[in-house]
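Colleague: Pasting the sequence and the predicted model now:
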Amino acid sequence: MIAAPNQSGTVSRFGLAIVLGCALFWSAISLPFGPLHADEAVQWSLAKELSEGTPYSTHQDKFHGPTLATALLISAKITGTAPVDMSEQYLRSVVAVFLGLMAAAALILPGVGKGPRYVTAAFIVLTGGCTPFGYYFVQEMLLAAGFIWGVALWLRAEGSPASSRWWLLSGGAFGFALACKVTAAAYLFLFIVALLLLRRFVPDRRWLRFGGGLIASWAFFQSVGFTDLPGLKTWWLQLARSLGVASGQSEDTLLAVSLTPWLWAALWLVVFALARPGLSRVAWRSRHEADLPCMVAALIYLFHLALPYKTPWLLLVVFSLPLTLALPYLLAGGTVRAVVLAPTLMTVALLARGSLSDHTPTSLAVRPFKQQVADLAKAYGDKFYIAVDGGHYWPLPYYLRHYPVGYGDFPEAAKAPLRLIPATDYSEPRVPGYAVSSLVLRAGGDRYWVLIAKAHESVFMGK
């Protein structure tokens with residue numbers, strides 16, 4: 001069994017108080033969440049259509065796993081809330097449950113006292129994992145929670161016999177992460193690479209239990225409780241698609257607008273590396289529990305840095321993994337380390353927050369637009385409907401979910417009380433019988449001309 005870094009259990013209460021104080025400061029200065037991001041609205045749409053009987057495996061937006069949609073539908077059953085009635089806060093509260101589960105992974109870590117473990121869990125909850133994504137309604141938080149639990153359970157299992165249930169549970173947690181998003185397959189591979197670098201490989205029955213738990217869990221969640229078996233095939237189709245996207249061979253590839261988030265992530269990892277001076281090694285094998293999660297995070301960082309596809313959300317595990325599974329061991333190192341480490345992490349996280357959240361955010365203009373549409377619909381009556389020319393940019397369908405909406409070309413579009421036309425330039429259209437306004441859904445693109453029936457112009461404009 002690997003040696004524990006702090007068996008004395010002596011933990012500075014002052015140091016732990018500093019950590020909690022930093023977390024409370026973060027919580028106090030956190031700004032309210034903005035409108036739903038496009039990816040959040042897509043996940044809402046997936047859950048809504050699943051609730052209407054559309055199998056996950058046939059859905060047009062099945063590029064991520066079904067776990068988040070399934071969690072939302074379970075929440076809908078418990079609370080009696082229909083998907084069309086779910087507010088932004090409701091959607092994000094579902095993901096907050098998984099943030100809490102991720103924080104709870106710190107509580108099962110071996111070889112460290114209760115103080116650092118509970119303070120770390122509280123720190124994660126209060127700061128949203130030190131990233132802007134802690135409460136976003138996206139699959140990444142579920143992936144991070146499952147993956148981090150997989151690593152935590154592995155750490156808990158080390159030193160246990162091959163028949164221990166911990167190996168099975170660790171595989172089960174990784175299987176859940178795989179069902180969230182195929183990116184977890186790369187993370188799992190990098191976790192095994194880190195094990196080979198930091199541990200001695202022993203081919204025994206624990207790997208069979210680990211693999212059995214992984215496959216069973218993945219199959220269960222990927223098939224929505226074995227009710228959608230074609231969903232298992234869908235995962236492999238996702239994997240093939242993701243290879244093209246990540247390598248830059250797909251039209252869906254998103255190149256980095258700025259490498260600033262990646263610089264902050266690198267500094268984040270450096271802080272953890274410096275907090276763990278002088279790696280304890282014997283024949284290249286680590287004897288410190290903090291090394292494994294930090295190395296896995298570093299490998300994941302290098303993996304994403306090397307690939308053309310880059311969005312800041314890919315850095316969630318890079319930030320969360322060492323924070324959850326390494327911080328408790330580092331806090332147990334004494335008062336000075338805690339007093340220096342916590343404010344340093346907070347400083348890096350606060351400085352990084354702006355660039356991390358700058359990921360094609362939805363314009364705040366969508367909220368007053370939503371109210372204007374509600375006023376117009378009330379004034380127009382039961383025959384109100386909306387026509388949107390061409391395709392649609394998310395999250396527009398979410399904010400128009402309470403009304404009949406037609407997308408593309410259909411016979412009644414030309415007479416709709418409210419029409420949205422993609423703005424390809426700044427030449428305002430002139431359409432008989434309509435007043436014209438505009439809507440910007442995100443900065444730098446996705447603008448619409450809004451055509452309002454002139455008889456109700458004053459209602460929409462608030463005159």
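Modeller: Right, received. Where do you want to start? Residues are numbered from 1 along each chain as shown.
Colleague: looking at it, Leu68 is touching Ala179, isn't it?
Modeller: No - if you go by C-beta atoms under 8 Å, Leu68 and Ala179 don't touch, sitting 10.2 Å apart. For the C-beta atoms, the positions are set from N, CA and C on the backbone; glycine is no exception.
Colleague: Low-confidence regions, the chain specifically.
Modeller: Low-confidence segments of the chain (pLDDT under 70): 1-11, 31-32, 277-287, 463.
Colleague: Just the element for the spatially most central residue of the chain, please.
Modeller: Note on the chain: the residue nearest the mean C-alpha position is Glu140, at 2.8 Å, using C-alpha atoms, centre = their mean. Element membership for Glu140, per DSSP states H and E: helix 139-157.
Colleague: Tyr329 now?
Modeller: helix 327-331.
Colleague: now do Cys294
Modeller: helix 291-306.
Colleague: now the strands for the stretch 151-300 of the chain?
Modeller: Using DSSP state E, counting those that start in this stretch, the strands of the stretch 151-300 of the chain run over residues 281-282, 285-286.
Colleague: So what's the gap between the top helix by length along the chain and the chain middle?
Modeller: Ordering each helix of the chain by length in residues (DSSP state H) puts helix 335-357 first. Distance of helix 335-357 from its chain centroid, counting by C-alpha atoms, centre = their mean, to the nearest Å, is 20 Å.
Colleague: Report the buried residues of that helix.
Modeller: 337-339, 341-342, 344-346, 348-349, 352-353, 355-357 (16 or more other C-beta atoms under 10 Å).
Colleague: Quick check: buried residues in stretch 100-107?
Modeller: Leu101, Met102, Ala103, Ala104, Ala105, Ala106.
Colleague: For the fourth one, which residues are in contact?
Modeller: Yep, that's Ala104 we're talking about. Going by C-beta atoms under 8 Å, 6 or more residues apart in numbering, Ala104 touches Ala121.
Colleague: Other residues contacting the longest helix of the chain?
Modeller: 12, 14-16, 18-19, 22, 25-26, 123, 127, 130-133, 258, 260-261, 264-265, 267-268, 271, 275, 312, 315, 319, 323, 327, 330-331.
Colleague: Narrow those residues to those that are buried.
Modeller: Buried members of those, counted by 16+ other C-beta under 10 Å: 12, 15-16, 18-19, 22, 26, 123, 127, 130-133, 260-261, 264-265, 268, 271, 275, 312, 315, 319, 323, 327, 330-331.
Colleague: quick revisit: tilt between the helix holding Cys294 and helix 139-157?
Modeller: Counting by axes from the mean of the first three to the mean of the last three C-alpha atoms, to 10 degrees, helix 291-306 lies at 150 degrees to helix 139-157.
Colleague: following helix 291-306, which helix or strand comes up?
Modeller: Where DSSP H and E defines the elements, the next helix or strand beyond helix 291-306 is helix 316-325.
Colleague: Convert that next one to PDB, retaining C-alpha atoms only.
Modeller: Output in PDB follows, covering the C-alpha atoms of helix 316-325 (Å, rounded to 0.1, in the frame of the first residue of the first chain):
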ATOM      1  CA  LEU A 316     -13.200  21.500 -16.400                       C
ATOM      2  CA  VAL A 317     -11.500  18.200 -15.500                       C
ATOM      3  CA  VAL A 318      -8.100  19.900 -15.500                       C
ATOM      4  CA  PHE A 319      -9.300  22.300 -12.900                       C
ATOM      5  CA  SER A 320     -11.500  20.000 -10.900                       C
ATOM      6  CA  LEU A 321      -9.500  16.800 -10.600                       C
ATOM      7  CA  PRO A 322      -6.500  18.200  -8.600                       C
ATOM      8  CA  LEU A 323      -8.800  20.500  -6.700                       C
ATOM      9  CA  THR A 324     -10.900  17.600  -5.500                       C
ATOM     10  CA  LEU A 325      -8.400  14.800  -5.000                       C
END
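Colleague: so how far is it from its chain's centroid?
Modeller: Relative to its chain's centre, helix 316-325 lies at 13 Å (C-alpha atoms, centre = their mean).
Colleague: Then stretch 373-382?
Modeller: Remark: stretch 373-382 is offset 35 Å from the chain centroid, using C-alpha atoms, centre = their mean.
Colleague: buried residues in it?
Modeller: Val373, Leu376, Ala377, Tyr380.
Colleague: Give me the contacts around that stretch.
Modeller: For stretch 373-382, contacts defined as C-beta under 8 Å, 6+ apart pick out 384, 386, 399-400, 402-403, 417-418, 452-453, 456, 459-460, 462.
Colleague: Buried subset of the residues you listed, written for ChimeraX?
Modeller: A single ChimeraX command selects the buried members of the contacts of stretch 373-382 (16+ other C-beta under 10 Å):
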select :384,386,399,400,417,418,452,453,456,459,460
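Colleague: which one of the contacts of stretch 373-382 sits closest to Leu190?
Modeller: The nearest member of those to Leu190, counting by C-beta to C-beta, is Tyr399 at 38.3 Å.
Colleague: Show the contacting residues for that closest one.
Modeller: Counting by C-beta under 8 Å, 6+ apart, Tyr399 makes contact with Pro35, Leu36, Val366, Phe369, Lys370, Val373.
Colleague: ok, now how distant is the fourth one from Cys294?
Modeller: To tie it back to what came earlier, the one meant is Phe369. Using C-beta to C-beta, to the nearest Å, one obtains 45 Å as the distance from Phe369 to Cys294.
Colleague: Repeat that for the second one.
Modeller: Using C-beta to C-beta, we find Leu36 at a distance of 33 Å from Cys294.
Colleague: With the last one instead?
Modeller: Going from Val373 to Cys294 by C-beta to C-beta gives 49 Å.
Colleague: just checking, what packs against the host helix or strand of Ala17?
Modeller: Using DSSP H and E, Ala17 sits within helix 13-29. Applying 3 or more C-beta pairs under 8 Å, 6 or more residues apart in numbering; DSSP states H and E, one finds that helix 13-29 makes contact with helix 114-127, helix 327-331, helix 335-357.
Colleague: which element follows that helix toward the C-terminus?
Modeller: Later in the chain than helix 13-29, the nearest helix or strand by DSSP H and E is helix 38-51.
Colleague: Next, the angle from that following helix to helix 139-157.
Modeller: Helix 38-51 runs at 90 degrees relative to helix 139-157, counting by the same axes, to 10 degrees.
Colleague: returning to what we had before: next, the angle helix 316-325 makes with the longest helix of the chain.
Modeller: Counting by the same axes, to 10 degrees, helix 335-357 lies at 160 degrees to helix 316-325.
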